[in-house]
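J.: When you get a sec, could you give me coordinates for this:
(2 chains)
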Protein chains: 2
Amino acid sequence: MRKPRLMTPGPAMVPEDVLLELARPVIHHRSAEAKQVITEVTQSLKTVFQTKNDVLILTASGTGAMEAAAVNAVPQGGKAIVLSAGYFGARWASVCKALGIQAISLETEWGRPVEPEQVANALKQHPDAVCVMGTLSETSTGTGHPVEAIGKIVAGTKALFAVDGISGVGAMECRTDLWNIDILCVGSQKALMLPPGLAFVAVSPKAWAQIDTFDSHSFYFNLKTARKKAKEFDTPFTPAHTLILALRAALKRIEEEGIENVWNRHKTMSDACQAGVQALGLELFSSRPAEGLTAFIVPEGVSESKLRGSLTSRFGIATVGGQDKLKGKIVRIGHMGYTDELDVIGTLAALEMTLAEMGFEVEPGRAVTAAQQVLMGAKHSLAAV
Amino acid sequence: MRKPRLMTPGPAMVPEDVLLELARPVIHHRSAEAKQVITEVTQSLKTVFQTKNDVLILTASGTGAMEAAAVNAVPQGGKAIVLSAGYFGARWASVCKALGIQAISLETEWGRPVEPEQVANALKQHPDAVCVMGTLSETSTGTGHPVEAIGKIVAGTKALFAVDGISGVGAMECRTDLWNIDILCVGSQKALMLPPGLAFVAVSPKAWAQIDTFDSHSFYFNLKTARKKAKEFDTPFTPAHTLILALRAALKRIEEEGIENVWNRHKTMSDACQAGVQALGLELFSSRPAEGLTAFIVPEGVSESKLRGSLTSRFGIATVGGQDKLKGKIVRIGHMGYTDELDVIGTLAALEMTLAEMGFEVEPGRAVTAAQQVLMGAKHSLAAV
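T.: Sure thing, here's the model as predicted:
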């Protein structure tokens, strides 16, 4: 027997009741029932995103939401400042390049957070920049960026602040309105506990004012059309509406738990996983870890592919390795969405046993104990509140 | 009790076993299992599309596939000939406009098929046209276009032939390679018996030669990237892979039935539905009906919305009305995908009863009998084969 545990930083595990929603007979996307569902999920998404802005539903991968943000906010030949501190930060630059947008890339060493002053300086140097494009959780390095501080800086300028919150939103604090995020991009398959296939954008009035100044070079990702349809609780094209039905069930869970409690749960799981990994003498890759995943450096003498392969074949645990220049160098454990404390404990236990069997010096139980101490501390502090 | 019957021309009903696939736990999209599924569905899609060309999977509505075709095949400022004979033909022109492509629209009266000579003349007049964009089944009018004949004409020129087969493929004969279709666009929620959320493009070597000459102005819909990933049985971004898993089950059904038998079944259902509708004295809207749906003109004195509303409230049957200038003027009954002869019979029976109750002079049983005669004839001729 091999029980699967999807401990990857997206797609993440989906609750059983949400999966069953997907198996319901298809309804027509223009029916009153479908409009009712869109009304409800849009309202719930606003709570999860902490925004009063328009929230639009796209049938696409998360990258589709990034393309929608860029193609609607910045005209061809326009300038954008891209905060590039990993594989997904760099994706903003690739999107810009394809769309004919001039991207000023602020490169930050992978694993380190973007410095807000760097953004302030860039905005001074490039007062004609239409948009700053950043990342909430850089999944490739397991780094959380100081989005709140950056948002404060961008808010003082004419530029818009677009944030890739694809793997971050739901897994860590993100207050769209309070943090001055003009275009928030989110994917369905991460902390929102859904399979992949839907993406969301939240668009501020400041962003709409810019978007309304020119015709976007995309028909499919035209946010003006999506806004018009959203007013009728509809979407421009036939959406992936079995996923929208399931989204309603997933969001109901988040609402019942409360978004701040959801953030806290992820923070606790993240702290526990980090403590466990470090108790084994392993080094975290990021100097400012994100809360939906833990990235650690593969220790010398250990093969990343053998380690991850063994976790899968013996324990059914799926993790991911590094991307691009981090290939073979790090292991990333996801703990987002439908994941609880014991999933983290189990994964750490499996990691201990696997490393020990691979000849890496490990004292079995250390990681688990360290994680338990965090979890017990968190419970105490929660009880104290 | 109200048993739902989704008789709309997409989304269409999905088989129960396919729905259950959607409820399976999510797997990682880069796992060996996911790659195996992509390998299998790509192979099966080639059979369904009757092509040896590359078939690429996009996470998008069908319109996303149309945007992918246009943005990759025609550079900005380039020229395309658009065969516009309905709401979806006109969509090609809207896509072109957004993308900065010069669209020469050949307008055909809605409900009539495009004349191949019209296309030949346009190509002579516009030898610089990079692409001819047409439609297999124009869902808005229920018209099937002579794609084979048009393909023969376009094949003799340098231009590419892009076909919106979103609602047509699977529901009616479409031989991509034999008919010289360079870019075929297909959606998941029609005859492929899946919920919406996936789109497919089949790309010919002639199309690749053109696509490879310039950089597409889209990152998300870049077909060169998709081709590269498809060679590794992968997709560029996180795809809607619960839908891909379910697609495998749906395609298995099509393969077991045999694609030509699937076309025949749709032809028979279409003939039966048309005969039934006409037996009631109703007029078909199209002079060359497509095979996945039947569009009839709402008779004088009958309210389209009351008729369709009553079909839904009393019999659970969902149909659609007209779009754009056909609003209120036609009713469209879908019979594609997971739909059989008795679904058509039931719908006709409900139509008879509803019309009678609305005061329209109807002889109950006439439509059903006419449809039965077609079905029995079809069975005889099948038996004779």
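J.: Now the terminal residues of stretch A:330-350, how far apart.
T.: By C-alpha to C-alpha, to the nearest Å, the extent of stretch A:330-350 from end to end equals 17 Å.
J.: Help me see whether that stretch makes contact with chain B, please.
T.: No - using C-beta under 8 Å from any C-beta of the partner chain, stretch A:330-350 never reaches chain B; the gap is at least 9.6 Å. To be clear about C-beta, it is placed using only N, CA and C from the backbone, and glycine gets the same treatment.
J.: Can you list the buried residues in that stretch?
T.: Neighbour-count burial for stretch A:330-350, with 16 or more other C-beta atoms under 10 Å in any protein chain shown as criterion, is recorded at A:330-339, A:341, A:343-350.
J.: Residues of the stretch 151-300 of chain A that sit close to chain B?
T.: By C-beta under 8 Å from any C-beta, the residues of the stretch 151-300 of chain A that approach chain B are A:187, A:189, A:195-197, A:215-222, A:236-243.
J.: from those, which ones fall inside strands?
T.: Among those, the ones falling in strands (DSSP state E) are A:Gly187.
J.: Mark which of the residues of the stretch 151-300 of chain A next to chain B are buried, thanks.
T.: Among these, those buried by neighbour count (16+ other C-beta under 10 Å) are A:187, A:189, A:195-197, A:216-222, A:236-243.
J.: Out of those, list just those in helices.
T.: Per DSSP state H, helices hold the following members of those: A:His241, A:Thr242, A:Leu243.
J.: Quick check: which element contains the residue most central in space within chain A?
T.: Centroid-nearest residue in chain A, with C-alpha atoms, centre = their mean: A:Ser167, separated by 1.1 Å. According to DSSP states H and E, A:Ser167 maps onto no helix or strand at all.
J.: Does it touch A:His266 like I think?
T.: No - contact criterion C-beta atoms under 8 Å: A:Ser167 and A:His266 do not qualify, at 11.3 Å.
J.: In chain A, where's the longest helix?
T.: Longest helix in chain A, counting residues (DSSP H): helix A:259-279.
J.: Check the offset of it from the chain's centre.
T.: Chain-centre distance of helix A:259-279: 15 Å, with C-alpha atoms, centre = their mean, to the nearest Å.
J.: That helix packs against which elements?
T.: Judged by 3 or more C-beta pairs under 8 Å, 6 or more residues apart in numbering or on different chains; DSSP states H and E, the packing partners of helix A:259-279 are strand A:293-297, helix A:341-357, helix A:366-384.
J.: What residues sit buried inside that helix?
T.: Buried residues in helix A:259-279, defined by neighbour count with 16+ other C-beta under 10 Å: A:259, A:262-266, A:268-279.
J.: Stretch A:310-328 now?
T.: Neighbour counts using 16+ other C-beta under 10 Å place A:310-312, A:315-323, A:326 of stretch A:310-328 among the buried residues.
J.: Where does the stretch 51-200 of chain A get nearest to chain B, which residue?
T.: Distances between the stretch 51-200 of chain A and chain B by C-beta to the nearest C-beta are smallest at A:Gly197, namely 3.0 Å.
J.: Let me see the backbone angles for A:Lys158.
T.: Main-chain torsions, A:Lys158, degrees, to the nearest 10: phi -80, psi -20.
J.: The one 3 residues further on now?
T.: The phi/psi pair for A:Phe161 (degrees, to the nearest 10) reads phi -120, psi 110.
J.: check contacts around it.
T.: Applying C-beta atoms under 8 Å, 6 or more residues apart in numbering or on different chains, one finds that A:Phe161 lies in contact with A:Cys131, A:Val132, A:Gly134, A:Ile150, A:Gly151, A:Val154, A:Ala155, A:Asn180, A:Ile181, A:Asp182, A:Ile183.
J.: Same question for A:Arg332.
T.: Contact analysis of A:Arg332 by C-beta under 8 Å, 6+ apart lists A:Thr8, A:Pro9, A:Thr139, A:Gly142, A:Leu293, A:Thr294, A:Ala295, A:Thr319, A:Val320, A:Gly321, A:Gly322.
J.: Of those, just say which sits nearest to chain B.
T.: Comparing the contacts of A:Arg332 against chain B with C-beta to the nearest C-beta places A:Thr8 closest, at 5.1 Å.
J.: Next up, the contacts around the spatially closest residue to the closest one that is not a sequence neighbour.
T.: Using C-beta to C-beta, 6 or more residues apart in numbering or on different chains and skipping the chain neighbours, the partner closest in space to A:Thr8 is A:Gly334 (4.7 Å). Residues in contact with A:Gly334 (C-beta under 8 Å, 6+ apart) are A:Leu6, A:Met7, A:Thr8, A:Pro9, A:Gly10, A:Ala12, A:Gly292, A:Leu293, A:Thr319, A:Val320.
J.: Name whatever forms a beta bridge with A:Gly334.
T.: For A:Gly334, the beta-bridge partners are A:Leu293 (DSSP bridges).
J.: My guess is A:Ala69 contacts A:Val201. True?
T.: Yes - counting by C-beta under 8 Å, A:Ala69 touches A:Val201, with 6.2 Å between them.
J.: list residues touching both of these two?
T.: Residues within reach of A:Ala69 and of A:Val201 at once, by C-beta under 8 Å, 6+ apart, are A:Ile183, A:Cys185.
J.: returning to what we had before: so among the contacts of A:Gly334, where is pLDDT lowest?
T.: Least confident of these in the model: A:Gly10, at 92.
J.: quick one: it is in a strand?
T.: No - with DSSP: H, G, I helix; E, B strand; the rest coil as the criterion, A:Gly10 is located in coil rather than a strand.
J.: Pretty sure the residue of the stretch 51-200 of chain A closest to chain B sits against B:Thr242.
T.: Yes - between A:Gly197 and B:Thr242 there is a contact under C-beta under 8 Å: 7.4 Å.
J.: quick one, strands of chain A?
T.: A:5-6, A:54-59, A:79-84, A:102-107, A:129-135, A:137-138, A:143-144, A:160-164, A:183-187, A:198-203, A:293-297, A:317-318, A:330-334.
J.: Could you find the residue in the stretch 251-385 of chain A that comes nearest to chain B?
T.: Closest point on the stretch 251-385 of chain A to chain B, by C-beta to the nearest C-beta, is A:Ala318, at 5.0 Å.
J.: Name all residues that make contact with that residue.
T.: A:Ala318 neighbours (C-beta under 8 Å, 6+ apart): A:Pro4, A:Arg5, A:Leu6, A:Met7, A:Thr8, A:Leu311, A:Thr312, B:Ile27, B:His28, B:Ser31.
J.: The third one and A:Asp182, how far apart?
T.: To A:Asp182, A:Leu6 is 33 Å away according to C-beta to C-beta, to the nearest Å.
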